[in-house]
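**Q** The following block contains a protein sequence and its predicted model.
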2 protein chains.
Amino acid sequence: MSIDLKEIMENTELFFLKKVKLEGWIRSHRKQKTFGFINFYDGTTLNEIQIVYTDKLVNFTNIQELYVGTAISVEGILVKSEGGSQTFEISAENIVCECESCAEYPIQPKRHTLEFLREVGHLRPRTKLFQAIFRVRSIASYAIHKYFKDKGYVYVHTPIITANDGEGAGETFSVSTINYAQTKPPIDYASDFFGKKTCLAVTGQLEGECYALAYKKIYTFGPTFRAENSNTKTHAAEFWMIEPEIAFCDLKGLMSIEEDFLKHIVKYILVHARPEMEHLNKIAPNLNLLTRLEALVASSAVKITHEEAINLLLKADKKWEILPKHGKDLAREHEKYLTDEYYKAPVFVYNWPKDIKAFYMRMNDDEKTVAGVDLLVPGAGELMGGSQREERIDRLISRMDEMHIPKDDLDWYVDLRRYGGCRHAGFGMGFERLLIYITGVENIRDVIPFPRTPGNCEF
Amino acid sequence: MSIDLKEIMENTELFFLKKVKLEGWIRSHRKQKTFGFINFYDGTTLNEIQIVYTDKLVNFTNIQELYVGTAISVEGILVKSEGGSQTFEISAENIVCECESCAEYPIQPKRHTLEFLREVGHLRPRTKLFQAIFRVRSIASYAIHKYFKDKGYVYVHTPIITANDGEGAGETFSVSTINYAQTKPPIDYASDFFGKKTCLAVTGQLEGECYALAYKKIYTFGPTFRAENSNTKTHAAEFWMIEPEIAFCDLKGLMSIEEDFLKHIVKYILVHARPEMEHLNKIAPNLNLLTRLEALVASSAVKITHEEAINLLLKADKKWEILPKHGKDLAREHEKYLTDEYYKAPVFVYNWPKDIKAFYMRMNDDEKTVAGVDLLVPGAGELMGGSQREERIDRLISRMDEMHIPKDDLDWYVDLRRYGGCRHAGFGMGFERLLIYITGVENIRDVIPFPRTPGNCEF
C-alpha cells in the first residue's frame, strides 16, 4: 500500500531515511543524461515532492520517456534535498508507470487561461490552481457542517423536486417524465410522474421552517436552481445554498448568528486550508486575500437600516451610475461604497422596503418596511440574505394575497402559523458566493466542479 | 436569551437551583385545580422536561388553556423532581404563550399510524418518533463527512443537471425550460436552456472519477434521481447518495474501505445518537436494533465470489421462490440466507457476471466476470455497490460499444484513461438505505423529510 504525500510532508522526521511508497502523478519532468527529476504530486496535499532517479534504475530509459500527467508508483528513500528550494526529496529505487496508454498531456505545466481550463473541466482539478480552489470548497463545506453541528443544529435535506416555486420569484426548471416529442398540447400533468406540474427548487427555506419549528435550530445545505438566462460572472443555473432557520429568533438575533457563522467559517479556512489560501494569495497579489479575510475575522459588523443607508449614500460625494433612492434596492456601487469606503467593515442593511422583498418577511410596525436583512462584505457585496419570518397568520395571508402567492399550494406553510407557531428567522447564503469571496476567484464557473450556465451543460 | 434544553440536561449540576429560561413546545399537558404539569420539549434533545406551575402565577387560567403543540417561553428554577420517573423538573415562575393563534393541534399525544403522519409531513418532525429519525439522519450525515475528512478525502459536488444518464440504465427525469404547453412536436432542444436535452443525474460517479484522478481520494454526497414508477417501500424518486472514488485502489482495497467506513458510521451513531437509538430500539423490540448494530461493528465481513455464492445457495436446504442461477442476480431471499442464516455476518459478493453489471466495471481475466462487488448486511440486504473501474482504454471502449453506451457524450470519461489514468475503484451507498438499516424504519418515506414517489410531490 502506498502512503499519502500529505502524511509524509507532515511527518518528515518520522519518515526521514525510511523507504516509502507513493502513488500519484507527474507535475513536471526534467531529464539529464544519467539522471532525472520528477516533480510529483498525489492530490492529498497542494505540496509536491521531487523524485530523483538515476541510470542505476533498470528501466531508466522508460522513465525518461514519461509524460507530464502520467500516473506513477514510486518507491524510494526520503532524504534531505541538496539543491533547490525544497527541503526533502525522494531518492527513487523503483518507478513504475501506472498508465497503460500515456498520450501527450493536454495541460502542459505553464499558465493557461481559465477559459481554456473550463473546456477541459474533467482535467482542470489536476492543475495547482484548481487543486487549491476545490480543496478550499471541500474544507469550507466541512467547516459549515462542523459549525452547525457544534451549535446543535439539525441538518435537513429539503426536497429538490417541488410543486411550489418557493419565493414566488425567479424562473424555474420544469421536471417531467412526459415524452413531449410525442405529446401535443394541451399537456395533461395528471399523467406526469408526480401527477402534477413540478420544478426544481429555488430554495429549501419554506420546508426548512417546518423543521425549525420541530428542532429549534436547523440548516439546509444542498443544490438549488435558477433558470435565469443571464450570462454573468456570478450566476449559475445550479448552485449550492446554506439556509439556516432558527425558532425563537428575531432579526437582531439573526444578525448575531450570521456574523458569528461567517467569522467562524473564514477562520476555519484560514487555519485548515492554509497552503491553499497562501497559494491563492500569491497568484493574485493585488487582491490582498489573506489580509482581507483576516480583517473580516477581526471586524465588527455595522448595522444600519435601509433608510439610513440611502440617506448616507445620498450625502456621499460620489458620482453614481444609478442614483440611490428610498424604497429601491441597492446597486453594486452603493454596496461597495458602504463596505469598502465608508465603513471599511461588513455591513448589515436591515428593515427593507416591503415592496422589494419576499412575502414571508415579517412586517414592521411602520407597515412600510419588513424585517429583512442583507449582509454586505468588503470586496464582495451581498453575501447573505435573511429575515425574521411573518409568524402572524393574518398578516401572512394578507401579504400572500397582495403579492399573488398561490395559497392552495402553501396551506402547509400557513399551517406553521396555525399550530405551534412562534417568532423565527433564517438566512440563506449561496455557497459559491462565499467561495468567490474567500478564494478571490472572479467567475462562478471556476468554483463549481462542473458549472451549469445558459447553453452549457458539459460533462 | 433562552438556553437549549440539551444544555441543561447535560449539565444539571451546573443549573441546579438556578433560574433558567427555555423556549419550546408543549408535548402534553395535565391540569389540576391549583396546579399543572407541562411536558416540555424544544427539539434540541429527544428528552423532555416537566414544567410544574401553580395558581400563584398571575396568568394561571390562561396557562391552563394552552393546547398541546403550543410554543411557550418558560422561566423557572431547575429543581429535583419529587414524583414520576424524571430526576429534574422546572418550577415555573413565568410561562408565556408564544403563539398568536393557537388552534387545536392535529397530532394529539397518542400513537398515530405512519400513513397519517406522512399526510402531515410538515408537522411530523415534532413527534418523538420523527424527532429521533431525523436527528439520526443529521448525525449520520455528519459522521459521513467526518469519516472522509479524517481520512483525507475531498468532498466533491457533482452536477445534478446533466446531459448524460450516467449508468446508461434507469429512467430519468427531464429538465427543461421549454414551454411545452405552447410547443408542438418536434421539440427543438437547441432552444432549451442548455441548448440540448438534459436530465437529473442518477449518479455522480463518472464526474467523481475525474476528481479521484486529481485528488486520489474523493467522495460525493448529494441528491440523485430515478424516475422509476415503482411504489415499493424502498424506492423513492429523489434520494441522497454517497459515492467515494479512490485512485490507485483495486477491488480488494475497496472492500476494506467499505467495511471500515460502514463500521465507523454505525459506531459513531451508536455513541452520538444514543438517546435516539435507544428510543428506536424500544419502540420496535422485535428488531433488536442495538444488538444487530453492535454485532455489525464487531463482525468480520465474509468475501465470496458470485459463483461461490450461487453454488452455496444451490446446495442449501431451502425452498426458493426464485431459483439461484449462475449468471443471474441474487434475489432478496438469497441475500437474506447468506447474511442472516449461513454466515450471520456482512457478506461481500464480488466478481459478478459481466452481463448484469455496468459498462465501467473492470473486466476480469476470465472475460466472463467483472470486478464488481455488492455488500450485503444482516437484516437489510444490499447496502453498497461498487467496483474497480475499467482503466484500460481499449477494454472500456469495446464494452461501451457492446452495451450501446453513447461514446460521444462520454468522450471526457474515456479521456480519463487517455491522460494520467490508473487503476481506481469506488462504491455507492444510498443514504436512505443506510438509514432504513440503522433506524429499523421500514418505509423509505419515513426517513426522508419530504419524500417524492410516483404521484406524490407534497410540500
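**A** It's in. Computed from a prediction, not measured in an experiment: that's the story for all the values here.
**Q** Which residue, other than its chain neighbours, is closest to residue A:210?
**A** Nearest non-adjacent residue to residue A:210, counting by C-beta to C-beta, 6 or more residues apart in numbering or on different chains: residue B:122, 4.3 Å away. Where you see a C-beta, it was placed from the backbone N, CA and C, and this is true even at glycine.
**Q** Could you list the low-confidence segments of chain A?
**A** Applying pLDDT under 70 to chain A flags residues A:84, A:100-102, A:165-170.
**Q** follow-up on the earlier one: and for the residue nearest to residue A:210, the neighbour number?
**A** Using other C-beta atoms under 10 Å in any protein chain shown, residue B:122 has 24 neighbouring residues.
**Q** Can you tell me how far it is from residue A:159?
**A** 12 Å (C-beta to C-beta, to the nearest Å).
**Q** Need the overlap of contacts for those two.
**A** A:207, B:459 (C-beta atoms under 8 Å, 6 or more residues apart in numbering or on different chains).
**Q** follow-up on the earlier one: for the residue nearest to residue A:210, pull up the helix or strand it's in.
**A** Using DSSP states H and E, residue B:122 sits in no helix or strand.
**Q** Might you report the residue contacts of it?
**A** Contacts of residue B:122 by C-beta under 8 Å, 6+ apart are A:207, A:210, A:412-413, A:415-416, B:459.
**Q** give me that answer again for 6 Å
**A** Contacts for residue B:122 were tallied using C-beta atoms under 6 Å, 6 or more residues apart in numbering or on different chains; they are A:210, A:412, B:459.
**Q** now residue A:433
**A** Contact analysis of residue A:433 by C-beta under 6 Å, 6+ apart lists residue A:383.
**Q** Report whether it is found in a strand, as I expect.
**A** No - under the criterion used here (DSSP: H, G, I helix; E, B strand; the rest coil), residue A:433 is helix, not part of a strand.
**Q** how close does it sit to residue B:42?
**A** Residue A:433 is 32 Å from residue B:42, where distance means C-beta to C-beta.
**Q** cool, residue A:223 as well?
**A** According to C-beta to C-beta, residue A:223 stands 30 Å off from residue B:42.
**Q** who's more crowded, the two?
**A** Comparing residue A:223 with residue B:42 by other C-beta under 10 Å, the one with more neighbours is residue B:42, at 27 against 20.
**Q** Now the more buried one: closest residue in space, sequence neighbours ignored.
**A** In space, residue B:42 is closest to residue B:24, 2.9 Å off (C-beta to C-beta, 6+ apart).
**Q** What count of nearby residues applies to the one you found?
**A** 27.
**Q** Where does the residue of chain A positioned farthest from its centre sit: helix, strand or coil?
**A** Here chain A reaches farthest from its C-alpha mean at residue A:56, the gap being 48.4 Å by C-alpha atoms, centre = their mean. Here residue A:56 is coil, with the state taken from three-state DSSP.
**Q** same check, this time on residue A:242
**A** strand.
**Q** That one pairs with what?
**A** Beta bridges link residue A:242 to residue A:221, residue A:429 when assigned by DSSP bridges.
**Q** Test my guess that it contacts residue A:222.
**A** No - Residue A:242 is not in contact with residue A:222 according to C-beta atoms under 6 Å; the separation is 8.8 Å.
**Q** how about the strand ranked longest in chain A: buried residues?
**A** In chain A, taking DSSP state E as the definition, the longest strand is strand A:19-31. Residues A:20, A:22-29 are the ones in strand A:19-31 that count as buried (16 or more other C-beta atoms under 10 Å in any protein chain shown).
**Q** How many residues are close by residue A:133?
**A** Neighbours of residue A:133 (other C-beta under 10 Å): 25.
**Q** Tell me the secondary structure at it.
**A** What three-state DSSP gives for residue A:133 is helix.
**Q** domain ranges for chain A?
**A** Annotated domains of chain A cover A:5-107, A:124-446 [automatic domain parsing].
**Q** just those domains: most buried one?
**A** domain A:124-446 (a mean of 19; mean count of other C-beta atoms under 10 Å in any protein chain shown).
**Q** what's the first-to-last distance across it?
**A** 10 Å (C-alpha to C-alpha, to the nearest Å).
**Q** Figure out how far it is from the centre of its chain.
**A** 12 Å (C-alpha atoms, centre = their mean, to the nearest Å).
**Q** ditto for stretch A:447-459
**A** In this view, stretch A:447-459 has its centroid 14 Å away from the chain centroid, taken as C-alpha atoms, centre = their mean.
**Q** Please apply the same query to stretch A:89-96.
**A** 38 Å.
**Q** How about stretch A:116-136?
**A** What separates the centre of stretch A:116-136 from the centre of its chain is 15 Å, taken as C-alpha atoms, centre = their mean.
**Q** can you give me the end-to-end distance of it?
**A** Start and end residues of stretch A:116-136 are separated by 22 Å (C-alpha to C-alpha).
**Q** Identify the residues contacting stretch A:287-296?
**A** In this structure, residues lying in contact with stretch A:287-296 by C-beta under 6 Å, 6+ apart are A:266, A:280-281, A:379, A:440.
**Q** nearest to chain B, of those residues?
**A** Nearest to chain B among the contacts of stretch A:287-296 is residue A:280, at 16.2 Å by C-beta to the nearest C-beta.
**Q** quick one: the closest one is in a helix?
**A** Yes - membership of residue A:280 in a helix is supported by three-state DSSP.
**Q** What's the separation between it and residue A:292?
**A** In this structure, residue A:280 and residue A:292 are 12 Å apart, going by C-beta to C-beta.
**Q** Ok, residue A:171 next?
**A** Using C-beta to C-beta, residue A:171 is found at 34 Å from residue A:292.
**Q** Surely residue A:39 is in contact with residue A:28?
**A** Yes - between residue A:39 and residue A:28 there is a contact under C-beta under 6 Å: 4.3 Å.
**Q** which stretches of the stretch 201-350 of chain A form helices?
**A** Remark: helices assigned in the stretch 201-350 of chain A by DSSP state H, counting those that start in this stretch are A:205-215, A:251-272, A:274-283, A:289-298, A:306-315, A:332-336.
**Q** any chance of those helices in TSV, plus distance to residue A:445?
**A** Converted to TSV, the helices of the stretch 201-350 of chain A look like this (distance: least, C-beta to C-beta, whole Å):
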stretch	distance to residue A:445
helix A:205-215	26
helix A:251-272	21
helix A:274-283	17
helix A:289-298	19
helix A:306-315	31
helix A:332-336	19
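**Q** Residue B:7 is nearest to which of those helices?
**A** Nearest of the helices of the stretch 201-350 of chain A to residue B:7, taken as C-beta to C-beta: helix A:205-215 at 14.7 Å.
**Q** Can you name every helix or strand that that closest one contacts?
**A** If contacts are counted by 3 or more C-beta pairs under 6 Å, 6 or more residues apart in numbering or on different chains; DSSP states H and E, helix A:205-215 sits against strand A:217-225, strand A:238-247, helix A:411-418.
**Q** got the angle between that helix and strand A:238-247?
**A** For helix A:205-215 against strand A:238-247, the angle by axes from the mean of the first three to the mean of the last three C-alpha atoms, to 10 degrees is 40 degrees.
**Q** Could you list the residues in contact with helix A:205-215?
**A** A:154, A:156, A:158, A:218, A:220, A:243, A:245, A:247, A:413, A:416, A:420, A:424, B:43, B:122, B:125-126, B:450.
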